[in-house]
Structure formats: structure tokens, C-alpha cells
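Chemist: kindly generate the corresponding structure for this input.
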Amino acid sequence: MPRLLDHCPELRHTHDLVRRFAAMLDNRDATPLPGWLNDLANSGLTPLAGLAGALREDRHAVAQGITTPYNSGVNEGRITDVKLQKRLTAGRAGVSLLRHRVVLIAHLRRRYAERPPW
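Modeler: This next block holds a predicted model:
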């Protein structure tokens with residue numbers, strides 16, 4: 001059965017670049033980052049080349065993000081929950097209702113993190 005990657009060279013190249021970056025994250029090794037950024041810039045894909053420029057400007061922070069075990073994912077998730085609830089209630093909910101809904105979402109997240117629903 002033919003795969004989509006076999007029919008689209010741009011997608012295959014993008015897939016390869018993404019997998020290589022994922023390997024850096026999995027291994028917590030930023031050593032291949034400069035070569036990866038060069039490959040990204042020379043990929044011939046305009047959006048990826050622009051991304052390479054932005055990542056190269058902040059490469060020290062990118063390398064730190066790859067190698068450090070710390071992240072702000074939990075905080076970002078909570079902030080996203082609060083913003084979602086504010087948007088859903090269109091600003092009509094008071095602080096007490098907003099707090100109640102955010103606490104409920106946090107409880108559900110913990111419950112499903114311990115025991116997936118499937």
C-alpha cells in the first residue's frame with residue numbers, strides 16, 4: 001500500500017526534519033541543533049526556512065529547552081483552561097463561577113491522568 005510520504009517529497013522532507021527534532025527532545029541532546037537548523041534553512045520550504053531564522057536567533061534558549069528536564073507545561077495548561085472558560089462564558093461569569101469551573105476541570109484532568117477513560 002503506497003504511503004502519502006512516498007508521493008510528496010516536501011512532506012517526506014518535513015517529516016524527516018520533525019522526527020530529527022523529536023529525537024533531540026527524546027535524547028535531551030542539543031548537539032545536532034546547529035546542523036538541523038542549517039538543514040531547516042536549506043530545506044527549500046519557505047515557512048520552515050523562516051522558522052529556522054527565528055530559532056537561530058534564540059538558539060541558546062532552544063538548546064536549553066531541549067536539554068533541561070523542566071518545563072512550564074502544567075502552568076500553561078491551567079492558563080489555557082482559565083482563558084477557555086472566560087471565552088465560553090463571554091465575560092459574563094463572576095469570579096466564583098469561573099473559579100468553580102476551573103477547579104472542576106483541574107479535578108477532571110487529575111482523574112483522567114491517573115486512570116485514562118478507555
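
Chemist: all contacts plus neighbour counts: C-alpha atoms, from now on.
Modeler: OK.

Chemist: which residue, other than its chain neighbours, is closest to Pro32?
Modeler: Met24 (7.4 Å; Cα to Cα, 6 or more residues apart in numbering).

Chemist: quick one: buried residues of the helix or strand harbouring that neighbour?
Modeler: Under the criterion of DSSP states H and E, Met24 resides in helix 9-27. By 16 or more other Cα atoms under 10 Å, the buried positions in helix 9-27 come out as His13, Thr14, Leu17, Phe21, Met24, Leu25.

Chemist: re the thing from before, Pro34 is in contact with the residue nearest to Pro32, correct?
Modeler: No. Counting by Cα atoms under 8 Å, Met24 does not reach Pro34; the two are 11.7 Å apart.

Chemist: residues near Val102, how many?
Modeler: 19 (other Cα atoms under 10 Å).

Chemist: need the contact list for it.
Modeler: Asp81, Val82, Gln85 (Cα atoms under 8 Å, 6 or more residues apart in numbering).

Chemist: how about the second one, secondary structure?
Modeler: Look at Val82: counting by DSSP: H, G, I helix; E, B strand; the rest coil, its state is helix.

Chemist: quick one: Gln85 from Tyr112, how far?
Modeler: For Gln85, the distance to Tyr112 (Cα to Cα, to the nearest Å) stands at 19 Å.
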